[in-house]
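**Student:** pasted the sequence and its predicted model underneath.
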Amino acid sequence: MRIISVIKKDILEGIRNYRFLIILAVFAFFAILNPVMSKYVLPELLKSQFQGISQEMMSAMVDMSQTGSIRSYLGDIYEMGMLIIIFVLCGLISSELKDKTLIMPLCSGKSFGHIIISKFAVYSSVVFFCSIFGAALNYIYSSLLFSSDLPSIVPIVKAGVLEGVFLIFIVSMLILIGTLTEKPILTGLLTLTFILISGFLGSSFKQQKFTPSGLIEEAMKLSSSSVFNTELIQNVAIILGAAIIFIILAIMRIKRLELTNR
Amino acid sequence: MKEGHMKEGYMIEVKNLNKVFKNYHALKDISIHVNRGEIYGFLGHNGAGKSTTINILTGLSKASSGKCIVNGIELSDKTNPGDLCIGYLPEEPMFYSWMTAKETLQYFGENKDGCSRKRVDEILEWVGLTGAAKRRVGGFSRGMKQRLGIGAALINDPELLLLDEPASALDPEGRSDVIKLILDLKRRGKTVFFSTHILNDVERVCDRVSILSQGRVLFEKSLQDLLKENVQPVFDIKLKERSDTALEESIKDISGVIKTEILDDLLSVWVEDTEKVSRELLYLLSKSSSYVSSFSVRSKNLEDIFLEEVKGK
């Protein structure tokens, strides 16, 4: 199959340009940093700021439990991690259009569809599995530092999956906006703006289930009881459906582009 | 995509092709055809519309109007460049800088039938990049990228090659190598359509040429006919001595000679018909005591013709 060679190329590119490594490092960094921050750094900071603060007061100000540490990790991935991932992947397709590197592969027999689908498949898989890996690493590390207060690993895996779906949506947006703007930084900024505005509107109008950030809110609940919750499945289906539509639109858009005159 | 012309027909057929960019009419009613197995030179100044035409022929750009049949396929808005089974070398080939030369060719060659390592090695050797096969393309010079581009255009063994200024970025040695590669392609029965403004290259390799100026095709002819048409009825005779008035007088007496002119050691003879006069003129020169260092029929070279045509329009 011709798409296999495109997938192999995208995997090799991710390795050679350190994109995979950066994404993995982002998750590993926050997964390890958050328990350390919650356990050691934050209490020390509070002690230095508020002389004679009691343990109870400190606990009231900062959630110094495993659950609190994991929530903090998920929040950091949503804020900082997403930002880094967006700017690492903002040139996925826009850089190729800007640098005209698609011309020769296309003339040698690669198709527009294969190129877009391959990028989506490769980077979606990477962010999805890195998200689950990060959540699992955070769970294991926080278990070592705090007394375990979660019934099982299920809420963590669920949180990792939901965050992974959220990031798959971001990858699809980066690809679609990349075909529209053909400029990497603008693609990143527009994607970020869309995510933040949709999150704000979703929470303002209590329609989180229709927005990507609703998945993060659900992940942060760390509940194990609602794995097959209908509303959650609906939310995931809406976001994945939107991602697929974005990819179809990206293929339609790139087919219409004049690849040579820019 | 429709099956257009029969495979036995022209390799490229363009009829009334127009391309308009917003307010700029880049191509105006272009009509050309390229026969199978020939080398076709597409000439024109920078900005004449050569690359625009090639971009349309590769399927990378869409025509505003007109009909294009490439390798038996009529181009439409739905044509994928990969469907045309062509080899294409852009004016400035862009590659993935993180790939090695070998990986690049392997990637471009991995299509329906896969791509054997042997084929990649053969192409690398053919374009003279065997020694740089494992080097990353990001570190290549412009000339090396051009060679790799030619290799990439050939990797799928296409019948038709579209080369946009293939030798413009190369040094004289590189240019000569590219010309040899093109001649080798002709021997292998490939059709080559190449654009250039280096007219010396065209004279060395092309079967037919067309000249494009301001988006219009000025003419399309076989190179041989073109040069023959532009033979002037003048003999240029280079003499060892500065002037030989006796010889000049004798030449004037030949029937068909219109006039003569001496400029330093060059004696020019205007005639009515070169074929009729040449025999008698040569006979007279052989009998003369003057030493003749060269004897030629004056003809315009492609550069003269090109400049005349482009300035005339």
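**Tutor:** That came in fine, so what should we check first?
**Student:** low pLDDT regions in the chain?
**Tutor:** I went with chain A, as the question did not name one. A:1, A:224-228, A:261-262 (pLDDT under 70).
**Student:** not what I meant, chain B
**Tutor:** In chain B, residues with pLDDT under 70: B:1-8, B:112-115, B:242-244, B:312-313.
**Student:** number of nearby residues for the closest residue in space to B:L43 that isn't next to it in sequence?
**Tutor:** Distances taken as Cβ to Cβ, 6 or more residues apart in numbering or on different chains place B:I211 nearest to B:L43, at 4.8 Å, with adjacent residues excluded. For glycine as for every other residue, the C-beta is placed from the backbone atoms N, C-alpha and C. Here the count is done by other Cβ atoms under 10 Å in any protein chain shown, and B:I211 has 24 residues near it.
**Student:** give me the element B:I211 is part of.
**Tutor:** Taking DSSP states H and E as the criterion, B:I211 maps to strand B:208-213.
**Student:** what lies in contact with that strand?
**Tutor:** Identification of contacts with strand B:208-213 by Cβ atoms under 8 Å, 6 or more residues apart in numbering or on different chains yields B:30, B:32, B:34-35, B:38-45, B:48-50, B:53, B:202, B:217-223, B:226, B:302, B:306, B:309-310, B:313.
**Student:** partner strands of it, parallel or antiparallel?
**Tutor:** According to DSSP bridges, strand B:208-213 forms sheet pairs with strand B:39-44 (parallel), strand B:216-222 (antiparallel).
**Student:** where do the strands sit along the stretch 51-200 of chain B?
**Tutor:** B:65-70, B:73-74, B:86-89, B:160-164, B:191-196 (DSSP state E, counting those that start in this stretch).
**Student:** which stretch among these comes nearest A:F87?
**Tutor:** strand B:86-89 (33.3 Å; Cβ to Cβ).
**Student:** picking up where we left off before, quick one: which of the strands of the stretch 51-200 of chain B is nearest chain A?
**Tutor:** strand B:86-89 (4.0 Å; Cβ to the nearest Cβ).
**Student:** quick check, the residue in the stretch 201-313 of chain B closest to chain A?
**Tutor:** B:G215 (14.3 Å).
**Student:** my read is that that residue contacts B:A48, right?
**Tutor:** Yes. Here B:G215 reaches B:A48: they are 7.1 Å apart, a contact under Cβ atoms under 8 Å.
**Student:** so the residue sitting nearest the centre point of chain A, which state does it fall into?
**Tutor:** Among the residues of chain A, the one closest to the centroid is A:L167, at 3.0 Å (Cα atoms, centre = their mean). Here A:L167 is helix, with the state taken from DSSP: H, G, I helix; E, B strand; the rest coil.
**Student:** which strand or helix spans B:H25?
**Tutor:** Going by DSSP H and E, B:H25 is in strand B:24-34.
**Student:** what sits up against that strand?
**Tutor:** So strand B:24-34 is contacted by B:10-20, B:40, B:42, B:49, B:52-53, B:56, B:63-64, B:66, B:191, B:193, B:208, B:210, B:212, B:214-217, B:220 (Cβ under 8 Å, 6+ apart).
**Student:** tell me the domain boundaries of chain B?
**Tutor:** Here the domain parsing of chain B from automatic domain parsing is B:1-85+B:158-229, B:94-156, B:232-299.
**Student:** now the ones you listed as JSON lines including distance to A:E79?
**Tutor:** Putting the domains of chain B into JSON lines (distance: least, Cβ to Cβ, whole Å) gives the following:
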{"stretch": "domain B:1-85+B:158-229", "distance to A:E79": "41"}
{"stretch": "domain B:94-156", "distance to A:E79": "31"}
{"stretch": "domain B:232-299", "distance to A:E79": "76"}
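**Student:** who's in contact with the closest residue to B:E38 other than its chain neighbours?
**Tutor:** Using Cβ to Cβ, 6+ apart and skipping residues adjacent in sequence, the residue nearest B:E38 is B:D207, 4.2 Å away. The neighbours of B:D207, taking Cβ under 8 Å, 6+ apart as the test, are B:N35, B:E38, B:I39, B:Y40, B:S222, B:L223.
**Student:** the chain: helices as residue ranges?
**Tutor:** With no chain named, the answer covers chain A. A:2-16, A:19-36, A:42-49, A:55-61, A:66-76, A:82-89, A:94-99, A:103-107, A:112-145, A:154-181, A:184-204, A:212-220, A:230-256 (DSSP state H).
**Student:** ah, I was thinking of chain B
**Tutor:** B:50-58, B:101-109, B:117-126, B:142-154, B:172-187, B:199-205, B:223-229, B:245-252, B:274-287, B:302-312.
**Student:** can I get those in a markdown table with distance to chain A and mean neighbour count?
**Tutor:** What follows is the helices of chain B, written out as a markdown table (distance: least, Cβ to the nearest Cβ, whole Å; neighbours: other Cβ atoms under 10 Å in any protein chain shown):
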| stretch | distance to chain A | mean neighbour count |
| --- | --- | --- |
| helix B:50-58 | 4 | 25 |
| helix B:101-109 | 4 | 24 |
| helix B:117-126 | 12 | 16 |
| helix B:142-154 | 6 | 23 |
| helix B:172-187 | 17 | 16 |
| helix B:199-205 | 22 | 18 |
| helix B:223-229 | 27 | 14 |
| helix B:245-252 | 57 | 15 |
| helix B:274-287 | 47 | 14 |
| helix B:302-312 | 23 | 14 |
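**Student:** please name the nearest non-neighbouring residue to the residue nearest to the centre of chain A.
**Tutor:** Nearest to A:L167 is A:V127, by Cβ to Cβ, 6+ apart, at 3.9 Å.
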